[in-house]
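Peer 1: Attaching a predicted model along with its sequence, questions to come.
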Amino acid sequence: MAPASVNVARLMYLLVCEVAGAAIALSTKGTPVEVTMTTGLISGLIVGAFFIWIETLIKGFSLRGFSTATFGLLVGMFCAWLITRIDISNLVSLAVRDRLQSRDGTEVVGAEALITTISFTIQLILYASLGFLGAVLALRSSRDDFAFIVPYVRFRQDSSTGEPLVLDAESIMDGRVPGVVRSGFLRGRLVVPRFVLDEIQVLASSPTPAKRQRAERGLACLESMRSAKDLQVSIEDAAVTADETMHGRLVHVARLLGARLLTSDENLCKVAKLRGLDVLNLDELLDALRPSVGVGEKLRLALVRGGKDEHQGVGYLPDGTMIVVNHAVKKIGTTQDVVVISTLQTNSGLMVFAELAA
């Protein structure tokens, strides 16, 4: 439904068209081309309805899109003007003029008018075609494409929305990127190189169920990000050599776009940092947000199951950290105060050992 203000504007426009139709009818009264009042009012109504119909067709066309299309139109018209400077229409006129001559060498009657019409038609088609192509190409282009012509556009974009973020396959299949971006901790356009998308598609056809399910989740996550209105995601056809490794291609694209690299691959992080790139590691972010647990700290913990030893009870912190409580098997299913006695860092994460508080 259109806002009330738009409906009011439509109604005012119809009234103006009706008044214009009535004015035309009154001004032609008593003249050879007299227009009746009924004809004037109906004509005004038809004209107003036609342009309101056009307005409803372009209701999704924003002011930014209009300015972009206008810029492309001007570029196309300028290109057409450059082409007309070489008088290409005169070449066509010369070719047509030979065919419009009679056998005795005289011009056929009306030949000059026909040549003028052909020249005008060629120029009109040239301006209309290049203007149309320029407007369509501008609407299909991103702001980064305009930065090639107007460097100030890139400066304003970088200062307001942040540097672009290049995603690798691991970060896409991880599934945490949309939440991190929406939280406001990261800003910038998300860039997915074409070869990364191809890699995920290959994994989606893998015979290994785990890889296939993870890749399918990544494709679903990418599709939801592209359809989200609050996220800017683009697929880039970056020019890379086929003999480069996947890590090398990602580093090349990030350097080419002046972007940061977002990943959860530890090896890629090391390679990118050695090449002087800004790298954002999702796992490092998770570790930084994980609450620190120190020896002697007192916690309120829900014991949910037994441990490896018969006397142990196990509970979990909100971030998933497992806490093993000694001599707490009889307290499983309850919430107890525990005191941390030691911690152990493993490949799977941090393990915490505790005792029941006295």
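Peer 2: Perfect, thanks for sending it.

Peer 1: And the longest strand seen in the chain, how far out from the chain middle?
Peer 2: Once the chain is assigned using DSSP state E, the strand that runs over the most residues is strand 335-346. Mean-position distance between strand 335-346 and its chain equals 46 Å (CA atoms, centre = their mean, to the nearest Å).

Peer 1: swap in stretch 34-50?
Peer 2: 45 Å.

Peer 1: Give me the buried stretch members for it, please.
Peer 2: 35, 40-41, 43-44, 47-48 (16 or more other CB atoms under 10 Å). C-beta: built from backbone N, CA, C; applies to glycine.

Peer 1: average model confidence for it?
Peer 2: Averaged across stretch 34-50, pLDDT comes to 88.

Peer 1: Report the residue ranges of every domain in the chain.
Peer 2: 1-60, 62-141, 163-288, 291-356 (automatic domain parsing).

Peer 1: Pick the most deeply packed of those.
Peer 2: For these, the largest average neighbour count (mean count of other CB atoms under 10 Å) is found in domain 163-288, namely a mean of 17.

Peer 1: before we move on, the earlier item: among the domains of the chain, which gets the worst mean confidence?
Peer 2: Among the domains of the chain, domain 62-141 scores lowest, at a mean of 74.

Peer 1: Each with direction, which strands does the longest strand of the chain pair with?
Peer 2: strand 298-306 (antiparallel), strand 349-356 (antiparallel) (DSSP bridges).

Peer 1: Those strands: which one's closest to Leu133?
Peer 2: Nearest to Leu133, of all the strands paired with strand 335-346, is strand 349-356, at 56.7 Å by CB to CB.

Peer 1: how about the strands in the protein?
Peer 2: Counting by DSSP E, the strands of the chain are 165-167, 190-193, 233-236, 260-263, 279-281, 298-306, 313-316, 322-326, 335-346, 349-356.

Peer 1: centre of the chain versus the third one, how much separation?
Peer 2: In other words, strand 233-236. Counting by CA atoms, centre = their mean, strand 233-236 comes out at 7 Å from the chain centroid.

Peer 1: What is it packed up against?
Peer 2: Other helices and strands packing on strand 233-236, by 3 or more CB pairs under 8 Å, 6 or more residues apart in numbering; DSSP states H and E, are strand 190-193, helix 194-204, helix 209-227.

Peer 1: Could you rerun that using 6 Å?
Peer 2: strand 190-193 (3 or more CB pairs under 6 Å, 6 or more residues apart in numbering; DSSP states H and E).

Peer 1: Using CSV, lay out the buried residues of stretch 34-50 together with distance to Leu26.
Peer 2: Output for the buried residues of stretch 34-50, formatted as CSV (distance: CB to CB, whole Å):
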residue, distance to Leu26
Val35, 9
Gly40, 8
Leu41, 11
Ser43, 13
Gly44, 12
Val47, 17
Gly48, 18
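
Peer 1: with these in mind, which one is nearest to Met77?
Peer 2: Val47 (27.1 Å).

Peer 1: nearest spatial neighbour of that closest one, skipping sequence neighbours?
Peer 2: Cys17 (5.4 Å; CB to CB, 6 or more residues apart in numbering).

Peer 1: So the one you found versus Ser27, what's the distance?
Peer 2: 16 Å (CB to CB, to the nearest Å).

Peer 1: before we move on, back to that, right, and out of the buried residues of stretch 34-50, which lies closest to Thr343?
Peer 2: For the buried residues of stretch 34-50, the nearest to Thr343 is Gly48 (76.1 Å; CB to CB).

Peer 1: Verify the contact between the closest one and Cys17 for me.
Peer 2: Yes - here Gly48 reaches Cys17: they are 3.5 Å apart, a contact under CB atoms under 6 Å.

Peer 1: follow-up on the earlier one: would you check that the residue nearest to Val47 makes contact with Ala49?
Peer 2: No - assessed by CB under 6 Å, Cys17 is found out of contact with Ala49, at 8.5 Å.

Peer 1: what's around Ala357, how many residues?
Peer 2: Other residues lying near Ala357 total 13 when counted by other CB atoms under 10 Å.

Peer 1: what sits opposite the residue nearest to it when sequence neighbours are not counted in the beta ladder?
Peer 2: Counting by CB to CB, 6+ apart, Asp337 is the residue found nearest to Ala357 once chain neighbours are left out, at 3.9 Å. Taking DSSP bridges, one finds Arg300 as the beta-bridge partners of Asp337.

Peer 1: quick one: which of the buried residues of stretch 34-50 sit in helices?
Peer 2: 40-41, 43-44, 47-48 (DSSP state H).
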